[in-house]
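*Asks:* prediction below, plus the sequence it came from.
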Amino acid sequence: MTLYARHALPLAAEALDFSPVVFVQGARQVGKSTLAHELVKTRGFDHSVSLDGPAELDAALSDPTGFVAARPGKVFVDEVQRAPNLLLAIKQRVDREQRAGQFLLTGSANVLTAPKVLDALTGRTALITLWPLAQSELEGATGNIVDALLAGRPPTIADAPIGRGAFVERVAAGGYPRALGVSPRQRRQFFADYVTSTLVRDLREIADARKLAEMPRVLRLLASRAANVYSARNIAKALGLAHVTVQAYTQLLETVYVVRRMPAWRPGIGSREIQSPKIYLVDSGLLASILGAGAERIAGDDQLTGKLLENFVAMEVARHLDWAETPATQFYYRDRNEEIDIVLEANSGDIAAIEVKAGASPTARDWRPLAKLRDARGSSFRAGILLYTGEQTIPLADRLWAMPISGLWA
């Protein structure tokens, strides 16, 4: 399997220089252990333990304080979510010994959802989220679309592939390393096994197994509604479940990094909190697999094309946010008459916006919502991008451009 340079690696290395604990969290099979082992080799760790091993797991569960005490110095613990009480013992160590870089942890579930664990980690831990591979990591590119747009300088692209062939193979493959460079049949098998292992193992480590019987149905329906506004009540009605059950299931799927919700943007900060979020699957390949769509169907089925492409772009941008130099938050925007797929808001208040279209010939109608938002926000609007499947970056109007989708990994 090819090893790719991860943009999160220098972030984790830097965090070891100032934080007592560095926690690399993310979905199964995205390369957390590989990234951590690179740091273990280069930063001189004294102990390396995986809680996938039954003996190590039993020791961590039965006597977490003794487990930590038996390993002085710098310690790497893989799959720490399997023994969350270990984090309380780690808290005791780092409170006694105020040194940076004492513990490197990885986990495939967001253990911060447990109040005791959150208390143990707060103020002591740098969190690094590792997502499936971004296209820029696959291409070895260093550009960051978030920084570029909020600086008002979108990538200038020429000679990009034209039409849906520009994205369908990338969307179908996604970013899980083991799903890349394999046959379609092997990829289907990988994703089928991935869903099973996530629902059977990971969720049962953090939730009551008796309450997960409907999870496969919920996941399939969430996939069918990806890149749309999330309504637990509507999903519950469709499945004949209580809406609180659907809310709990969705939260669990977020905890194991299968789905992600994106909040709505409004000019007023308070008004954002009453708007419903959109729902996405964190990887387009996983989404395509659940929907039963290969590259050929993605290219030819208009009902699926827009959904999968928007999900792909939204999650690519989400990955860039994590290593952007400009602190920013990702939203979507919708009012009665207009919708914009992505709005990026910097901590300074500056914004940029992205609208996604599968066509190769942009029209004024396609970018009209971007122009309206630009006019409403004035100088705080830095750039608006119509992502399309044409050949080159084209200026459309003041601070508005059409840009090939490959600008995401330029």
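*Replies:* Nice, I can see it.

*Asks:* can you give me the helices in the stretch 201-350 of the chain?
*Replies:* For the stretch 201-350 of the chain, the helices defined by DSSP state H, counting those that start in this stretch occupy 203-206, 215-224, 232-239, 243-255, 269-272, 284-291, 295-300, 302-323.

*Asks:* of all those helices, which one is nearest residue 127?
*Replies:* Closest approach to residue 127 among these (Cβ to Cβ): helix 302-323, 10.2 Å. (C-beta placed from N, C-alpha, C; glycine too.)

*Asks:* how far away is residue 151 from residue 341?
*Replies:* 20 Å (Cβ to Cβ, to the nearest Å).

*Asks:* with neighbour numbers in mind, choose between the two.
*Replies:* More crowded of residue 151 and residue 341, by other Cβ atoms under 10 Å: residue 341, with 23 against 16.

*Asks:* next up, the contacts around the nearest residue to the more buried one once chain neighbours are set aside.
*Replies:* Once flanking residues are discounted, residue 341 sits nearest to residue 356: 4.9 Å by Cβ to Cβ, 6 or more residues apart in numbering. Listed by Cβ atoms under 8 Å, 6 or more residues apart in numbering, the contact partners of residue 356 are 306, 309-310, 313, 341-342, 387.

*Asks:* farthest pair in those residues?
*Replies:* Greatest spatial distance among the contacts of residue 356 (Cβ to Cβ): 306 and 342, at 14.2 Å.

*Asks:* between the two, which is the more surrounded one?
*Replies:* When residue 306 and residue 342 are compared for neighbours, residue 342 comes out ahead with 25 against 15, by other Cβ under 10 Å.

*Asks:* my read: that one touches residue 314, true?
*Replies:* Yes. Counting by Cβ atoms under 8 Å, residue 342 does reach residue 314; the two are 6.1 Å apart.

*Asks:* joint contacts of these two?
*Replies:* Common neighbours of residue 342 and residue 314 (Cβ under 8 Å, 6+ apart) are 330, 332.

*Asks:* follow-up on the earlier one: looking at the helices of the stretch 201-350 of the chain, which is buried most?
*Replies:* Highest mean neighbour count among the helices of the stretch 201-350 of the chain (mean count of other Cβ atoms under 10 Å): helix 284-291, with a mean of 25.

*Asks:* can I get the CA coordinates of that helix in PDB?
*Replies:* The C-alpha trace of helix 284-291 is given here as PDB (Å, rounded to 0.1, in the frame of the first residue of the first chain):
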ATOM      1  CA  SER A 284     -17.400  10.000  -1.000                       C
ATOM      2  CA  GLY A 285     -16.200   6.400  -1.700                       C
ATOM      3  CA  LEU A 286     -18.100   5.100   1.300                       C
ATOM      4  CA  LEU A 287     -21.200   7.100   0.300                       C
ATOM      5  CA  ALA A 288     -21.000   5.800  -3.300                       C
ATOM      6  CA  SER A 289     -20.600   2.200  -2.000                       C
ATOM      7  CA  ILE A 290     -23.700   2.500   0.400                       C
ATOM      8  CA  LEU A 291     -25.700   3.900  -2.500                       C
END
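
*Asks:* what residues does that helix touch?
*Replies:* With Cβ under 8 Å, 6+ apart, helix 284-291 has contacts from 132, 170-176, 179, 187-188, 191-192, 194-195, 219-220, 223-224, 226, 258, 281, 294, 298, 304, 308, 311-312, 315.
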